[in-house]
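# Give me a 3D structure for the following:
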Amino acid sequence: VGEGDVLALIDNTDHEIQLRRAQAEMRRIQILVEQKQRDVERQRRLHENGHIPRLLLEDAEAELAALTEELAAARSDYQSAERRLERTSVRAPYDGVIATRAVSEGDFVESGEVLFEMTTNGALQVRVPLPEAASDRLEAGLEVRLWQGNRPDDIHVGSIGHVGPRVDEESRSVTVIADIADAPKGWRSGSSINAEVVLEVRDSVVLPPESVVRRP
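Sure thing, here's the model as predicted:
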């Protein structure tokens, strides 16, 4: 599937009703605000000409301010209803392959329920369990070299994107997530590969001549 493709449609009848109700409420308050604005302008002119006391003008202005706040809340409700309606179309977030479909036509779903699991061979994340003793040396950004067991010469380089916060009680290992941008086509979700984390790189070792012992 491609990014944005529709994967499923959720019955949107209730959401359309809620959207129309929110739109009608927003329009109703908008009419009241426009009416109250005209009323305030009229009372402001009357007050300037000395025909009504200041208190009546202040009451009208307060009512206008309250209606304006109600209109802002109604607009937020309308936007929420509009967003809920849009989300009744389940779309692919990126180009990839559907690995698992958890629903069928006619199923009842709830908010937050997983409907599809997708994968892509373009960018992968690799879960690498490492010994607990090395946990204090692990950090995001470290280089990770990855290869399949039958192809030790075909090494692909990634980096640690996340270090797990806990130690597994059974294996006594810490799991890091390695990101690899351009994974080979043969690497598929769920498969196993070999990995090594580069903790330190030394470009050269300097030895003074006096440290070399010459023998016959």
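
# tell me what the lengthiest strand in the chain is packed against?
Identified as the longest strand of the chain according to DSSP state E is strand 156-167. Applying 3 or more CB pairs under 8 Å, 6 or more residues apart in numbering; DSSP states H and E, we find strand 156-167 packed against strand 143-147, strand 173-180. Just so you know, the C-beta spots here come from the backbone N, C-alpha and C atoms, and that holds for glycine as well.

# tell me the SS of D11?
Of the three states, D11 takes coil under DSSP: H, G, I helix; E, B strand; the rest coil.

# Next up, the contacts around the closest residue to it other than its chain neighbours.
Excluding its sequence neighbours, the residue lying closest to D11 (CB to CB, 6 or more residues apart in numbering) is T88, at 7.4 Å. Going by CB atoms under 8 Å, 6 or more residues apart in numbering, T88 touches 9-12, 15.

# Between the helices and strands packed on strand 156-167, which one is closest to L57.
strand 173-180 (63.7 Å; CB to CB).

# Using CSV, write out every CA atom in that closest one.
Below are the C-alpha coordinates for strand 173-180, written out as CSV (Å, rounded to 0.1, in the frame of the first residue of the first chain):
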residue,chain,number,x,y,z
SER,A,173,20.0,-8.4,29.2
VAL,A,174,19.3,-4.9,28.2
THR,A,175,17.5,-4.3,24.9
VAL,A,176,18.6,-1.5,22.5
ILE,A,177,16.7,-0.4,19.4
ALA,A,178,19.0,0.0,16.4
ASP,A,179,17.8,2.0,13.4
ILE,A,180,18.9,1.1,9.9
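
# Quick one: name whatever helix or strand follows that strand.
strand 194-197 (DSSP states H and E).

# nearest residue to the residue nearest to the spatial centre of the chain other than its sequence neighbours?
The structure's the chain has its C-alpha centroid closest to P93; by CA atoms, centre = their mean the separation is 10.4 Å. When the adjacent residues along the chain are set aside, P93 lies closest to E3, with 6.8 Å between them (CB to CB, 6+ apart).

# mind checking the SS state of the one you found?
coil.

# Surely L71 is in contact with Q30?
Yes: taking contacts as CB atoms under 8 Å, L71 lies within contact range of Q30: 6.0 Å.

# quick one: the strands in the chain?
Using DSSP E, strands in the chain cover 6-9, 89-91, 97-101, 116-119, 124-131, 143-147, 156-167, 173-180, 194-197.

# So L71 and Q30 - more neighbours on which side?
Using other CB atoms under 10 Å as the criterion, L71 and Q30 rank with L71 on top: 19 against 15.

# So for the more buried one, what pLDDT did the model give?
pLDDT recorded at L71 is 95.
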